[in-house]
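Asker: can't give you the sequence, but here's the structure:
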Ligand code: ME8
């Protein structure tokens, strides 16, 4: 069985989950569900990034140990994901033994490849962002006079310490070759160009150990050093599937790393170079999505506008949120979250279009035929046009999701729903019923129900609860859609003559202002 390995970033435990974390994880979940439905052996990984100075300091401020702080925040994440129907197969913590073992094995491979050497590190450092800055970078960002961080504008500190370095510079040309030979390696295209320009401008060796804090994985053979957070964090993608034991090869290389654009350089430059040095295969793709603002503003603790999942889930069902986030903004672009936009999208696309098609179809089927399908008689051109639209939708959704085009997939599914509603108007089943044109009435109703069934299957990865409810009415039975497979259930015409559907119960009631 072909495997599919999809990851989210591992999230820092010095803050609690918010809209941004929810977004990436939902996107990964849709891919995982879709690929399982298509018969792939899926490994969907998420987790948390627990080490580093920021976490150590946050814990100190609260008078607890780093692991106590991590335990508290981890619990939030682990409680949240089921509420959002996240179907991850594993959850990696960087404080776990299996992860430490993998990081040390990775380190050793880099040492064996002569890709790591000891030197002296001197630079400017922003503690809150865990980012080192060169003087040139500070000057370019107009932050040199004030000695502040270009990202967060807080004070940077001068640091000078003994450090191990990774020979990043050695991999500049191999990385450029790889990116050029693999046009799909970095997406979207704008990000790929950004990375190409960055790599072309030259790569400096990377400081990869620290002696200034202790909350991390010790460097093998030199315990005064801990492995710098990014080598530690990135290796999670290997430790979860079992590295260094051979079984990691069951899933590695990852099919796609989903990340936000903030951490593109780490995933599209440092990580592939580390892997090349270690003699390991590179991930097939890194997709960096855009940034959410809230009601036009950047989310920040100081503004007090950070959207927390509890607030969102108090207002909306998880499925509605899942749908909105992936439909509203083309994946890869920045977007703005607003309650108005959510309500509008929901009302037009889900309540008016999908909900309406389901309700009116099942209502007519029940009213005219006691809820029973009587199969399709002679098909007319309008019927064949509907079938072929459904079938081409399935192919288009497949193409879209293979390229992480969530919004394209949803728009394509919605187009079929609109087609279905037009088909109702054009064929006016109420007229057929009145005229007593039973054969034609049955044919029209059959096409509508089959369309809805296959639409619900395509919607399931996005809205597992809502789509299951749709299918429960269509099948007149509770259905466990996670066991459904496109190869088995995805073909047109599987509902048989005599099949009983349930009476409609509204699944997408209109949302008032
Ligand atoms: O960077 N819009 O963790 P993190 C969209 N531990 N996505 C957002 C977002 C926003 N406003 N805010 C956050 C780290 N995200 C490291 C990663 S991976 C080996 C280590 C999402 O907790 C987005 O996916 O800061 C972003 O990349 C991630 O959260 C950053 O999470």
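Answerer: All right, it came through fine. What you see is a predicted model, and the numbers here were worked out from it, not measured in a lab.
Asker: helices or strands next to the helix or strand bottoming out on mean pLDDT in the chain in the packing?
Answerer: Within the chain, no helix or strand scores below strand 131-133, which has a mean of 82 by mean pLDDT, DSSP states H and E. On a contact count with 3 or more CB pairs under 8 Å, 6 or more residues apart in numbering; DSSP states H and E, strand 131-133 meets strand 116-126. For glycine as for every other residue, the C-beta is placed from the backbone atoms N, C-alpha and C.
Asker: Adjacent strands (with direction) for the strand it packs on?
Answerer: strand 131-133 (antiparallel), strand 157-166 (antiparallel) (DSSP bridges).
Asker: So for it, mean pLDDT?
Answerer: Summarised as a single mean, pLDDT over strand 116-126 is 91.
Asker: quick one on the thing from earlier: can you tell me which of the strands paired with strand 116-126 the model trusts least?
Answerer: Looking at those, the bottom one is strand 131-133 with a mean of 82.
Asker: Check what contacts that strand and list those residues.
Answerer: Residues outside strand 131-133 that contact it (CB atoms under 8 Å, 6 or more residues apart in numbering): 123-126, 143, 149-151, 156, 159, 207.
Asker: got the buried residues for it?
Answerer: Of all the residues in strand 131-133, those buried under the rule 16 or more other CB atoms under 10 Å are 131-133.
Asker: now, among the residues you listed, which is nearest to the ligand?
Answerer: Closest approach between the buried residues of strand 131-133 and the ligand, by CB to the nearest ligand atom: residue 131, at 10.8 Å.
Asker: how close does the closest one get to residue 28?
Answerer: 25 Å (CB to CB, to the nearest Å).
Asker: Next secondary structure after the least confident helix or strand of the chain?
Answerer: The helix or strand immediately downstream of strand 131-133 is helix 135-140, counting by DSSP states H and E.
Asker: Tell me, how many residues neighbour the residue of the stretch 251-400 of the chain found nearest the ligand?
Answerer: With CB to the nearest ligand atom as the measure, residue 260 is the residue of the stretch 251-400 of the chain nearest to the ligand, at 2.7 Å. Using other CB atoms under 10 Å, residue 260 has 18 neighbouring residues.
Asker: Looking at the strands paired with strand 116-126, which one is packed in the most?
Answerer: The highest average neighbour count among the strands paired with strand 116-126, using mean count of other CB atoms under 10 Å, belongs to strand 131-133 at a mean of 19.
Asker: tell me the secondary structure for the residue in the chain that the ligand sits nearest to?
Answerer: Minimum separation of the chain from the ligand (CB to the nearest ligand atom) falls at residue 20, amounting to 2.1 Å. Here residue 20 is recorded as helix under DSSP: H, G, I helix; E, B strand; the rest coil.
Asker: got a list of what it touches?
Answerer: 260, 291-292, 299.
Asker: how about these in a markdown table, adding pLDDT and secondary structure?
Answerer: Putting the contacts of residue 20 into a markdown table (pLDDT from 0 to 100; DSSP: H, G, I helix; E, B strand; the rest coil) gives the following:
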| residue | pLDDT | secondary structure |
| --- | --- | --- |
| 260 | 98 | strand |
| 291 | 98 | coil |
| 292 | 98 | strand |
| 299 | 93 | coil |
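Asker: May I ask which two of those residues are separated the most?
Answerer: 260 and 299 (12.1 Å; CB to CB).
Asker: Now, of the contacts of strand 131-133, which are buried?
Answerer: Counted by 16+ other CB under 10 Å, these give 123-126, 143, 149-150, 156, 159, 207 as buried.
Asker: now for the residues you listed, which pair is the farthest apart?
Answerer: Comparing all pairs in the buried ones among the contacts of strand 131-133 by CB to CB, the longest separation belongs to 143 and 207, at 20.0 Å.
Asker: Quick check: residues of the protein near the ligand?
Answerer: 9-12, 20-21, 23-24, 49, 233-234, 236, 259-260, 262-263, 291-292, 299 (CB under 6 Å from any ligand atom).
Asker: Report the buried members of the residues you listed.
Answerer: If we count by 16+ other CB under 10 Å, the residues of the chain next to the ligand have these buried: 9-12, 20-21, 23-24, 49, 233-234, 236, 259-260, 263, 291-292, 299.
Asker: circling back: residue 447: which of the buried ones among the contacts of strand 131-133 is nearest?
Answerer: residue 150 (58.6 Å).
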